[in-house]
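**Q** Below is the sequence, then the predicted model.
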Amino acid sequence: MPSELLLAATIGVALALYFLLGGADFGGGIWDLLASGPRAAEQRRAIGAAIGPVWEANHVWLILVIVVLFTGFPAAFGAISVALHVPLTLFLVGVVLRGSAFAFRSLDLSGDRGQRRFGLVFSMASTIAPLLLGMSVGALVSGNIRVRGGLVTTGFFAPWLAPFPLAVGLFSLALCALLAATYLTVEVADTALREDFRRRALAAAFAAGGAALLAFALAGRGAPWVRAALAGRPWSWPFHALTAAAALTAIAALATRRFRLARAAVGAQTILILLGWALAQYPYLIVPDVTLHGAAADPRSQRLLLVALAAGLPVLIPSLWLLFRVFKPRVSGRPVRAGRVP
Amino acid sequence: MGISLAFHIVFAAAGVALPALMVIADLVYRRTRDPEYLRLSKQLAKGTSILFAVGAVSGTVLSFELGLLWPEFMGRFGQMIGLPFALEGFAFFTEAIFLGIYLYGRDKVSPRLHLLSGVVVAVSGAASAFFVTLANAFMNGPGGTDPIAAMWSPSWPYQVVHVLLASYQATAWAMVGTHGFILLRDRRRTLHRKALAIALPVACLTALAQPLSGDRSAKHIAVAQPLKLAAAEAHLHTAPHAALHVGGVPDLETGAFHGAVAIPGALSFLAHGDFDATVTGLDAFPRDEWPPVVAVRTAFQVMVGAGSAMALAALAVIAAMLRRRRLPDGRRWLLAFVALGPLGFVSLEAGWLVTEWGRQPWTVRGLLRTADAVTPFPYKAAPFWLFTIVYLFLGAAVVYLLARQISHADEPHPPTASGHAV
């Protein structure tokens, strides 16, 4: 396999992990914002306990994506940074406020008022960030970012402030909410609390389905190239069938309270969606002017980057395994001690 | 970008050094079984987590900002300097993972694994500073455009040591100042005395080592980046037996200094180890290549001045400890500590300004000018103010939280408002 494909695959895997893990952290923030009912405080506490030990590590996946992108595909990175300057800047502000407000909230000693203030910043920022990230992705595949001779010619607003990117943004928001609520059904010990998150997961599942259909419908005009790929390739419809099966499995499992199955199905659904995006976009990094091949760094840089990545993995994988084994005992199959909510 | 970086290096430097201090406190606790050291270590861990959270998000911002603000730089040089950034990413991953385990896992993992996690946090923090400094060394004097050569630029051994020492030094002095301040108000708070006892040796050792590292750097720069040294000293005319000017205001037309103390031959000695050596002056370079000389020199003077003050204080502390065989904690010592506390970070920021301003008008020396690297985005002021405001908010929140954390550190039951506070 040519090295640029390997690097693109690395970006894809890191992005998928970022979405599965970091996306769920964003989703936690969304449910923090929407916490309601008699157990609102307990919901917030469960979210905080689930995110606390892992969010910083989850976040590094995004840094990895960026680093591989600018090392492996510097030309594309430059063009993306220019064309999506505004949404990415706002996304970053969201990331900054979310992360720091969360850390401040859990360490602040000043009492309820300070807690609520940081909590509100945390949850608002968690909601805005995935929306903007989704909109940026929508703009990338829309075909409305044009690059001539390495220069972006389509301005700073038009490509992402459009109906199709907005629909993709909503889709990503709904997916984050779905991931978080589903994970939480597995992680909380209290039955009533689990029911709260089950209902929320179901609502998010339907919202995600609606947003997906909306995006697909808008793609006809908003992103014709990707629409053609999603509808007209030999793999298209079997692939959609597989994704739909995962989504329906998730809904059915949630409805029948088989939470661990639901979590697996939601994870599979997310991975399939991201894979579908990657396949539909291939071989472009920015549809339709920048390709993987055209934007790739020189082969020696690519190979060295792959070596560096391969050298890092033996450190990373066991460390991550340890982290999740310590804090998410059910992931490794060990039962959680009852009443572990700190 | 500058604002983000200026903030980031404070958070990052503290994020490199605090874990080390936290592990030291933990080790002392394990040896003495004195619960106050345990509490101290826990407080340092909380401080680390606040700073790491902010360092993590501001690091994310920077990795994006590289592209958002300098798309041309990243488009051309991304592949060359990507290697240290990729390795830094892994170091960062490790730090985040084990900090999570150290902070939240005290009761969930064995004591040995817990301590080991702390050590890993400290080591990987230092490793990420190491890799990032490699990238900066590339910008100062690219060793070549091949990725391996770019990773090991000529100035890396000097810069990396200088930066790592500075991180520990700045953090340790800040800690010395903070706890000195609290002891000044109430001398009975023994926890803060113990914190002082941990921070002070680190502060003194680094303060004494740093001038040596600085001297090595200066001698390297005198040969490798003579323009930067000339700017840092506002040294106009290439000449042998060059004098060192301390303080005062340089006149860039005549090369004279107003109100400065001149030490004949000292500049030649510091730059080349010989009082009669010739030191290249600004006049050897076309004027449009000059960095902002007065700014660079001012920053340099601040850095060296603050560094010298800390080194002298370190000598005095060591002398006092040798004579009295106990921690110097008289009122006057404490006042001095409070005054010296901020100097580490002042010196760190000033040193960073020297290297960044000193490189202008280049972003990558000799290869890319800053004016060509900047984004074509027409409303540059907007992101500038946006990030400035965000960072001011963050800075204020960090200071507020750390202040609360420290002043409540020795209360038997710190008020926890939330159930999930660590």
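**A** That came through, no problem. Numbering: from 1, shown residues only, chains lettered A, B, ... in the order given.
**Q** Could you list every helix and strand that the helix or strand harbouring residue B:114 packs against?
**A** Assigned by DSSP states H and E, residue B:114 falls within helix B:111-140. Using 3 or more C-beta pairs under 8 Å, 6 or more residues apart in numbering or on different chains; DSSP states H and E, the elements in contact with helix B:111-140 are helix B:2-32, helix B:71-104, helix B:147-151, helix B:156-185, strand B:362-364. To be clear about C-beta, it is placed using only N, CA and C from the backbone, and glycine gets the same treatment.
**Q** Following the fourth one in sequence, what is the next regular element?
**A** In other words, helix B:156-185. helix B:190-224.
**Q** And stretch B:254-269, what's buried?
**A** B:257, B:260, B:265-269 (16 or more other C-beta atoms under 10 Å in any protein chain shown).
**Q** Those: which ones sit near chain A?
**A** When contact is defined as C-beta under 8 Å from any C-beta of the partner chain, the buried residues of stretch B:254-269 do not meet chain A at all.
**Q** Of the helices and strands packed on helix B:111-140, which stretch is the most buried?
**A** Here the criterion is mean neighbour count by mean count of other C-beta atoms under 10 Å in any protein chain shown, and of the helices and strands packed on helix B:111-140 the winner is helix B:71-104, at a mean of 26.
**Q** Look up how far residue A:300 lies from the single nearest residue of chain B relative to chain A.
**A** Here chain B gets closest to chain A at one residue, residue B:82, 2.4 Å apart by C-beta to the nearest C-beta. From residue B:82 over to residue A:300 the distance is 12 Å, taken as C-beta to C-beta, to the nearest Å.
**Q** sec struct for residue A:247, please.
**A** Secondary structure state of residue A:247, per DSSP: H, G, I helix; E, B strand; the rest coil, is helix.
**Q** Over to the one 10 residues further on?
**A** Local secondary structure at residue A:257 is given as coil here, using three-state DSSP.
**Q** so what's it scoring on pLDDT?
**A** Per-residue pLDDT puts residue A:257 at 91.
**Q** Name all residues that make contact with residue A:135.
**A** Applying C-beta atoms under 8 Å, 6 or more residues apart in numbering or on different chains, we find residue A:135 in contact with A:87, A:160, A:165-166, A:168-169.
**Q** For chain B, state which of those is nearest.
**A** Set against chain B, the nearest of these by C-beta to the nearest C-beta is residue A:87 (10.7 Å).
**Q** is it possible to export the buried residues of stretch B:254-269 to a markdown table including pLDDT and secondary structure?
**A** Below are the buried residues of stretch B:254-269 laid out as a markdown table (pLDDT from 0 to 100; DSSP: H, G, I helix; E, B strand; the rest coil):
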| residue | pLDDT | secondary structure |
| --- | --- | --- |
| B:257 | 77 | strand |
| B:260 | 77 | coil |
| B:265 | 77 | coil |
| B:266 | 77 | helix |
| B:267 | 81 | helix |
| B:268 | 81 | helix |
| B:269 | 78 | helix |
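**Q** Quick one: residues contacting the residue positioned nearest the centre of chain A.
**A** The centre of chain A sits closest to residue A:19, judged by C-alpha atoms, centre = their mean, with a distance of 2.7 Å. Shown in contact with residue A:19 (C-beta under 8 Å, 6+ apart): A:175-176, A:179, A:270, A:274.
**Q** so which of those residues is the most crowded?
**A** The residue in these with the most neighbours, by other C-beta atoms under 10 Å in any protein chain shown, is residue A:176 (31 neighbours).
**Q** and that one, what element?
**A** Residue A:176 belongs to helix A:163-187 when elements are defined using DSSP H and E.
**Q** Check residue B:312 too.
**A** Per DSSP H and E: helix B:293-324 holds residue B:312.
**Q** now that helix and helix B:190-224, what's the angle there?
**A** Angle, helix B:293-324 to helix B:190-224, by axes from the mean of the first three to the mean of the last three C-alpha atoms, to 10 degrees: 130 degrees.
**Q** mind listing what's buried in helix B:293-324?
**A** Neighbour-count burial for helix B:293-324 flags B:293, B:296-311, B:313-314, B:317-318, B:320 (criterion: 16+ other C-beta under 10 Å).
**Q** what about the residue lying closest to residue A:47 once chain neighbours are set aside, is that helix, strand or coil?
**A** Leaving aside its chain neighbours, residue A:47 sits nearest to residue A:28 (4.4 Å; criterion: C-beta to C-beta, 6 or more residues apart in numbering or on different chains). Using three-state DSSP, the secondary structure recorded for residue A:28 is helix.
**Q** residues touching residue A:28, list them.
**A** Residue A:28 sits next to A:47, A:50-51, A:126, A:180, A:184 when contact means C-beta under 8 Å, 6+ apart.
**Q** What of residue A:236?
**A** Listed by C-beta under 8 Å, 6+ apart, the contact set of residue A:236 reads A:229-230.
**Q** And residue B:315, by the same measure?
**A** Residue B:315 makes contact with residue B:208 under the criterion C-beta under 8 Å, 6+ apart.
**Q** If we ignore the residues flanking it in sequence, what's nearest residue A:69?
**A** Counting by C-beta to C-beta, 6+ apart, residue A:69 lies nearest to residue A:77, which is 5.0 Å off, once chain neighbours are set aside.
**Q** Now render the contacts of residue A:135 as a markdown table, adding neighbour count, distance to chain B and pLDDT.
**A** Formatted as a markdown table, the contacts of residue A:135 follow (neighbours: other C-beta atoms under 10 Å in any protein chain shown; distance: C-beta to the nearest C-beta, whole Å; pLDDT from 0 to 100):
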| residue | neighbour count | distance to chain B | pLDDT |
| --- | --- | --- | --- |
| A:87 | 25 | 11 | 89 |
| A:160 | 26 | 14 | 81 |
| A:165 | 28 | 18 | 89 |
| A:166 | 20 | 22 | 92 |
| A:168 | 31 | 19 | 91 |
| A:169 | 25 | 18 | 92 |
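**Q** with those in mind, which one is nearest to residue B:344?
**A** Distance to residue B:344, by C-beta to C-beta, is smallest for residue A:87 among the contacts of residue A:135, at 38.5 Å.
**Q** give me the element that closest one is part of.
**A** Taking DSSP H and E as the definition, residue A:87 sits inside helix A:85-107.
**Q** relative to helix A:163-187, how tilted is that helix?
**A** Using the same axes, to 10 degrees: helix A:85-107 against helix A:163-187 is 20 degrees.
**Q** Residue A:288 and residue A:143 touch, don't they?
**A** Yes: here residue A:288 lies in contact with residue A:143, judged by C-beta atoms under 8 Å, at a distance of 5.3 Å.
**Q** Looking at these two now, which is surrounded by more residues?
**A** residue A:143 (20 against 16).
**Q** Roughly how far does that one sit from residue A:292?
**A** 16 Å.
**Q** Equivalent analysis for residue B:12, please.
**A** Applying C-beta to C-beta, the value for residue B:12 to residue A:292 is 33 Å.
**Q** that older thread, please state the mean pLDDT value computed over the helix holding residue B:114.
**A** Averaging pLDDT along helix B:111-140 gives 81.
**Q** can you give me the helices in chain A?
**A** Here chain A has its helices, by DSSP state H, at A:3-17, A:23-33, A:40-51, A:55-72, A:74-83, A:85-107, A:112-142, A:163-187, A:191-222, A:224-232, A:236-255, A:259-281, A:292-295, A:299-327.
**Q** Okay, buried residues for the fourth one please.
**A** Going by neighbour count (16+ other C-beta under 10 Å), the buried part of helix A:55-72 is A:55-72.
**Q** again, but for the longest one
**A** Along helix A:191-222, the positions that meet the burial threshold by neighbour count (16+ other C-beta under 10 Å) are A:193-194, A:196-198, A:200-202, A:204-205, A:207-209, A:211-212, A:214-216, A:218-219, A:222.
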